[in-house]
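Engineer: Provided below are the primary sequence and the corresponding predicted coordinates.
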Amino acid sequence: MKVTKAQAEANRALIVETASQLFRERGFDGIGVADLMAAAGFTHGGFYKHFGSKVDLMAESTACGMAQTTVLSEGLDAPTFVRHYLSREHRDERATGCTMAALGGDAARQPESVRAAFAEGVERLLVALSPPHGDPDAAAAKQDRARLLDGLAHAVGALVMSRACPDDSTLADEFLGVARDAILESLQSRQAAATKTRRQGAG
């Protein structure tokens with residue numbers, strides 16, 4: 001029976017979603033194409049009907065995982081996002097958690113297409129995390145971007161270090177808690193400074 005175009009697209013999406021989770025759980029080199037296809041419910045031979053190579057799937061699954069993190073951030077203010085991101089729950093959900101923390105180290109050793117998918121995903125996340133009405137001043141906008149990058153690097157690094165520790169270790173929770181408190185304190189200080197500036201301007 002011939003597969004319809006719609007069904008083929010659905011099958012491809014399922015393979016990408018499955019790979020996105022399995023790569024986050026096991027790493028890019030931790031699972032092969034045959035096992036990926038089996039996990040998605042397909043035969044190994046059907047892989048090349050959808051993708052030119054495993055690298056192509058790695059790039060698409062990376063974009064998929066990054067998009068999920070971006071969607072998670074939409075509609076949340078920065079403190080709420082930080083509290084979730086640096087929670088024990090997120091730390092333990094490796095397969096469905098942040099792609100940056102799960103695969104960032106692996107991506108550095110992968111072809112450019114995979115690293116480009118990471119970079120594009122980060123850019124979209126920065127847009128999603130930016131205030132709805134950004135400062136039109138170029139210097140201020142550059143400073144806001146720098147602060148977002150700093151906070152993101154801080155959060156991702158803390159999650160990576162926490163996951164590197166044994167699950168039942170105190171250190172795993174300390175990494176999350178210390179980073180979470182530091183980032184939230186920084187956000188609160190910036191908000192207070194911005195409020196003070198607005199009041200002075202209004203006066």
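Structural biologist: All right, it came through fine.
Engineer: what is the neighbour count of Glu93?
Structural biologist: Residues lying near Glu93 (other Cβ atoms under 10 Å) number 14. Every residue, glycine included, has its C-beta placed from N, CA and C.
Engineer: quick one, phi psi at it?
Structural biologist: phi -90, psi 60 (degrees, to the nearest 10).
Engineer: what pLDDT does it get?
Structural biologist: Here the pLDDT value assigned to Glu93 is 94.
Engineer: mind checking how far it is from Gly105?
Structural biologist: Relative to Gly105, Glu93 is positioned 18 Å away (Cβ to Cβ, to the nearest Å).
Engineer: helices of this structure, start to end?
Structural biologist: Assignment of helices within the chain using DSSP state H yields the ranges 5-26, 33-40, 54-73, 78-85, 88-92, 99-107, 112-129, 138-164, 170-202.
Engineer: check these for me: which has the lowest mean pLDDT.
Structural biologist: Minimum mean pLDDT among the helices of the chain: helix 170-202, a mean of 82.
Engineer: which ones are touching Tyr128?
Structural biologist: One correction, residue 128 is Ala, not Tyr. 70, 73-74 (Cβ atoms under 8 Å, 6 or more residues apart in numbering).
Engineer: how about TSV for the helices of the chain, with distance to Gly46 added?
Structural biologist: Listed next are the helices of the chain as TSV, based on distance: least, Cβ to Cβ, whole Å:
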stretch	distance to Gly46
helix 5-26	8
helix 33-40	7
helix 54-73	12
helix 78-85	36
helix 88-92	33
helix 99-107	25
helix 112-129	22
helix 138-164	33
helix 170-202	40
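Engineer: between these, which one is closest to Tyr48.
Structural biologist: Among those, helix 33-40 comes nearest to Tyr48, with 9.1 Å by Cβ to Cβ.
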